[in-house]
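>>> got a sequence here, can you model it:
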Amino acid sequence: MAGRNRTVARCSRCGHQEPRWVGRCPGCHAWGTLEEHVTVATCATSARRSAATVVATPARPIGTVPLEDAGRIPTGCGELDRVLGGGVVPGTVGLLGGEPGVGKSTLLLQAAQAVATAGHTLLYVSGEESASQLRLRAERLGALSPRLLVAAESSLPAVLALLDTHAPAVVVVDSIQTIRDPALASAAGSTVQVRECAAALVRAAKSTGRAVLLVGHVTKDGAVAGPRVLEHIVDVVVAFEGERHHALRLLRTVKNRFGPAGEIGCFEMAGDGLREVADPSRLFLAEQGPTVAGIAVTITVEGPRPLAVEVQALAAASNLAMPRRQASGLDASRVPLMVAVLDRRAGVPLAGHDLFASAVGGIRLREPAADLALCLAIASSRTDRPVPCDTVTVGEVGLAGEVRIVPQLERRLAEAARLGFAAAVVPAAYRGERYGLRLHPVRDVRGAVATALHPDRAVVATR
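Predicted coordinates for the structure are as follows:
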């Protein structure tokens, strides 16, 4: 006898399941994310019968499993291939997430043209644009290869039928939130539809050896919309980041079963599409002018790539009871901490001043290695003494005012030397290679302010 159906509440963010609806998810602690779903229960006899099924392929030692050549398909875009680990692996499913307007469809259409030009058939399925709209965008990008097939479909059975009819090597679905299975009663974009449609496309990719690339929307906090199980069932998760008002775009690998995670690719948005940026540090520093107060340069590491980024700060007298603290491209929670450290540990008075800080170029600095540059930019603006333009600063600042060493400092200094910088303010604990730079080791933020804002008093590092 079959079991009785029951209603459960499942979180649309993390997939956690509860027997009844609650306001806050116990798994991810998000509010209002649990949705009710009807599940079909199976009887114990059927479950035992399924468990007793004869295994078709017995387990064997891992050393005896034959290796198979992945046979990656190059996308024709060096930065995209870098992120994917060398190209698209047949039979895999990738998920590309990003904010609206960042350039996800443009990137995939340019890659689709390169794949089709190389002799592979590619099917581009769009649930958001018509075929004529795709043609207009393809003409602007020069993507009119006869092997590039386009279809405007939002029905899952129709998409699967297109895969069987044309047998493409690569399939692009833009976007997974627009695909709907008519067998399910929920609307397109719901948790159930996104999960089941993605699972069906994963099964199709694994059974036929076709690579599938899914485009996913993101939420306000930048996470891929839909259940987190969507990120677990795919093989590759890539995030496309960038500010709409800046030209720089960063392609970041979040998960990759067939290559290294953490790789990044750099692009610049132009009128004719996305252009690869082989040396993004030059892009960030291209607009450097005369030395002015409130500017400090740091070297951040995004994935395996060191990037030189300019940090700017502006301190202005405030007539407000609570001065403003605003940050763009920086960790907003670190700015008040650095202000307090400067005021308490370095003697830089900031209590009656508004403070505005930003990372130039549209990049987002997440790591604490930018703390020292932020402190020096703030102190420079407050005292109206510029940091020398040939000096970079790298270091994490603690609440006691100490300057701590950061990971991969040698790689950061090597990048600074390559870009033509002459000096670097570094933590006193560093004992690595100089790369031809004049190193100014500092133990605390007070010493860093004195060293950077008074170069004539700087102490050259000794071994």
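
>>> out of the helices and strands in this protein, which is least certain?
helix 44-51 (a mean of 48; mean pLDDT, DSSP states H and E).

>>> which residues sit against stretch 381-393?
For stretch 381-393, the external contacting residues (C-beta atoms under 8 Å, 6 or more residues apart in numbering) are 288, 291-299, 308, 313-315, 348-350, 353, 372-373, 376-377, 380, 412, 416, 420-425, 440, 448, 452-455. Bear in mind the C-beta positions are built from the backbone N, C-alpha and C, glycine included.

>>> quick one: average pLDDT of the following helix or strand past the least confident helix or strand of the chain?
With elements assigned by DSSP states H and E, the helix or strand that comes after helix 44-51 is helix 78-84. Mean per-residue pLDDT for helix 78-84: 91.

>>> what residues sit buried inside helix 78-84?
By neighbour count on 16 or more other C-beta atoms under 10 Å, the buried set for helix 78-84 is E79, L80, D81, R82, V83, L84.

>>> then stretch 299-310?
So, applying 16+ other C-beta under 10 Å, buried residues of stretch 299-310: I299, T300, V301, E302, G303, R305, P306, L307, A308, V309, E310.

>>> in helices only, show me these.
Residues of these located in helices (DSSP state H): none.

>>> dump those to JSON lines, plus pLDDT and distance to V194.
Formatted as JSON lines, those follow (pLDDT from 0 to 100; distance: C-beta to C-beta, whole Å):
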{"residue": "I299", "pLDDT": "96", "distance to V194": "39"}
{"residue": "T300", "pLDDT": "94", "distance to V194": "34"}
{"residue": "V301", "pLDDT": "92", "distance to V194": "34"}
{"residue": "E302", "pLDDT": "85", "distance to V194": "29"}
{"residue": "G303", "pLDDT": "80", "distance to V194": "28"}
{"residue": "R305", "pLDDT": "87", "distance to V194": "32"}
{"residue": "P306", "pLDDT": "92", "distance to V194": "37"}
{"residue": "L307", "pLDDT": "91", "distance to V194": "34"}
{"residue": "A308", "pLDDT": "93", "distance to V194": "40"}
{"residue": "V309", "pLDDT": "93", "distance to V194": "36"}
{"residue": "E310", "pLDDT": "93", "distance to V194": "40"}
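
>>> where does the stretch 151-300 of the chain dip in pLDDT?
The model of the stretch 151-300 of the chain has pLDDT under 70 over residues 219-228, 286-290.

>>> which residues in it form strands?
Ranges of strands within the stretch 151-300 of the chain are 170-174, 211-216, 236-241, 248-256, 264-270, 273-276, 295-302, based on DSSP state E, counting those that start in this stretch.

>>> of these, which is nearest V406?
Smallest distance to V406 across those (C-beta to C-beta): 8.7 Å, for strand 295-302.

>>> relative to strand 248-256, how tilted is that closest one?
30 degrees (axes from the mean of the first three to the mean of the last three C-alpha atoms, to 10 degrees).

>>> quick one: strand 295-302 to strand 264-270, angle?
Going by the same axes, to 10 degrees, strand 295-302 makes 120 degrees with strand 264-270.

>>> and strand 295-302, what does it pack against?
strand 305-317, helix 371-383, strand 391-393, helix 409-418 (3 or more C-beta pairs under 8 Å, 6 or more residues apart in numbering; DSSP states H and E).

>>> output stretch 100-114 as CSV - backbone C-alpha positions only.
Below are the C-alpha coordinates for stretch 100-114, written out as CSV (Å, rounded to 0.1, in the frame of the first residue of the first chain):
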residue,chain,number,x,y,z
PRO,A,100,21.3,41.9,-14.2
GLY,A,101,23.1,43.9,-16.8
VAL,A,102,26.6,42.7,-15.8
GLY,A,103,27.1,41.0,-19.1
LYS,A,104,26.4,37.3,-18.6
SER,A,105,24.5,36.9,-21.9
THR,A,106,27.1,38.9,-23.8
LEU,A,107,29.9,36.7,-22.5
LEU,A,108,28.2,33.5,-23.3
LEU,A,109,27.2,34.6,-26.8
GLN,A,110,30.8,35.6,-27.6
ALA,A,111,32.0,32.3,-26.3
ALA,A,112,29.3,30.5,-28.3
GLN,A,113,30.5,32.2,-31.5
ALA,A,114,34.1,31.0,-30.8
